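Asker: Dropping the sequence and predicted coords here.
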Amino acid sequence: MPSRPRLTPAIADVRRAVRETLRDHQAVAGDLILVACSGGPDSLALAAALAFEGPRAGLKIASITVDHQMQAGSAEVAQQTLSKLQVLGYESATVATVQVGKAGGPEAAAREARYLEIENLARLLNAKFVLLGHTLDDQAETVLLGLARGSGARSLNGMAVRNGIYLRPLLRISRETVQKFCEDSGLQPWLDPMNHDLAYTRVKVRNVILPMLENELGPGISLALTRTADSLREDDEVLSQLANAAFSEVARLQATQIIFSVPRFKDLPLAIRHRVFALALQKLAAPEFARVHILAVDALVDDWHGQKPLTLPGVRVERTGESITLKTTKTLKSGAC
């Protein structure tokens with residue numbers, strides 16, 4: 001183990017965030033916690049904090065570094081990260097090399113490949129949780145991107161601290177703080193050159209749009225956006241519960257289709273109606289849907305005059321009498337709105 005760094009405010013803040021997140025989600029002695037570490041400042045600070053807090057709580061720790069092979073020298077970066085993690089005390093440290101596809105663009109394809117490897121290792125190790133290094137600034141970027149998509153309140157919810165086995169302890173910690181953590185700890189993180197490539201939308205939000213907003217509107221924009229996400233997530237959780245209950249009352253599931261009773265559906269509040277349709281499209285495994293799709297389906301309820309069936313991405317929608325049928329050729333899946 002390296003010599004213990006002097007406790008600075010940044011080190012204290014990151015360690016506290018990790019300690020309190022694990023405590024709040026009932027991680028107990030003997031549980032294994034897996035951290036995903038690219039070697040960048042955020043994930044390296046997270047891994048270092050877990051290396052300090054985990055053993056003191058009786059937790060077992062492990063790490064995974066995913067080599068996406070999308071840049072020259074990526075294998076070397078992964079091995080350097082592995083060495084840093086081993087110095088931090090990770091006896092179980094894994095490098096996973098993946099082939100990134102093309103579906104959905106490079107960012108989405110890389111994310112899909114990365115999470116598949118993480119979930120496979122988490123299952124193999126029987127990990128209680130997987131820690132991810134998303135920060136307050138990442139949350140702000142996510143909210144702005146959701147606003148740009150215009151897909152409703154859910155797209156503005158941002159990232160939750162917990163999503164299944166995934167925990168994000170640093171959502172209240174700024175990127176500046178994790179960078180100071182690394183500096184104070186004597187850690188040398190890898191600086192991904194892709195984080196400066198404006199061809200990527202998120203990079204443009206990070207390096208152009210957010211700084212412009214801070215300059216024009218004053219400091220604190222990132223924190224304000226994260227507070228907005230928190231508030232909307234609380235509201236959406238309640239509305240989603242109501243939508244799930246309503247779905248079971250107005251919808252009938254069959255092998256490849258969902259049938260709505262128009263009279264019963266029409267009496268629902270508009271916000272619930274839209275969420276019920278969104279849930280139906282999710283269950284039908286529609287590849288993508290936005291508010292314009294939901295409004296088009298909803299028009300068959302209030303403005304039906306015998307129009308032709310709708311063809312949405314992966315779903316055909318038709319009203320016949322007092323029934324609306326959403327049909328797909330895929331197998332239905334369960335899910336929550």
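Answerer: That came through, no problem.
Asker: got a list of contacts for stretch 192-205?
Answerer: 38, 40, 70-71, 107, 141, 144-145, 206-208 (Cβ atoms under 8 Å, 6 or more residues apart in numbering). From N, CA and C alone the C-beta is placed, and that goes for glycine too.
Asker: and the two most separated of these?
Answerer: Comparing all pairs in the contacts of stretch 192-205 by Cβ to Cβ, the longest separation belongs to 71 and 144, at 25.8 Å.
Asker: So which of those two has more stuff around it?
Answerer: Between residue 71 and residue 144, counting by other Cβ atoms under 10 Å, residue 144 is the more crowded of the two (22 against 12).
Asker: Can you verify my assumption that the more buried one contacts residue 212?
Answerer: No - using Cβ atoms under 8 Å, residue 144 is not in contact with residue 212, being 11.3 Å away.
Asker: biggest strand in this protein, by residue count?
Answerer: strand 60-67 (DSSP state E).
Asker: Filter the contacts of stretch 192-205 down to the buried ones and express that as a ChimeraX selection.
Answerer: The ChimeraX selection below is limited to those of these classed as buried (16 or more other Cβ atoms under 10 Å):
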select :38,40,141,144,145,206
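Asker: which one of the contacts of stretch 192-205 sits closest to residue 78?
Answerer: Nearest member of these to residue 78, counting by Cβ to Cβ, is residue 38, at 8.6 Å.
Asker: Just the pLDDT at that closest one, thanks.
Answerer: Residue 38 is assigned a pLDDT of 95 by the prediction.
Asker: which SS state does it fall under?
Answerer: coil (DSSP: H, G, I helix; E, B strand; the rest coil).
Asker: count of residues packed around the closest residue in space to it that isn't next to it in sequence?
Answerer: Computed as Cβ to Cβ, 6 or more residues apart in numbering, the closest residue to residue 38 that is not its neighbour in sequence is residue 65, at 6.5 Å. Neighbour count for residue 65, taken as other Cβ under 10 Å: 25.
Asker: Just list whatever residues bridge to residue 65.
Answerer: residue 95 (DSSP bridges).
Asker: What's the local residue count around the nearest residue to residue 262 once chain neighbours are set aside?
Answerer: Of all residues not flanking residue 262 in the chain, residue 322 sits nearest, at 4.7 Å (Cβ to Cβ, 6+ apart). Using other Cβ under 10 Å, residue 322 has 12 other residues around it.
Asker: next one: residue 178
Answerer: Residue 178 has 29 nearby residues by other Cβ under 10 Å.
Asker: A strand includes it, no?
Answerer: No - when three-state DSSP is applied, residue 178 is found to be helix, with no strand at that position.
Asker: Enumerate every residue touching it.
Answerer: By Cβ under 8 Å, 6+ apart, the neighbours of residue 178 are 10, 14, 41-42, 45-46, 133, 135, 170.
Asker: wait, which of those residues is closest to residue 292?
Answerer: residue 135 (32.4 Å).
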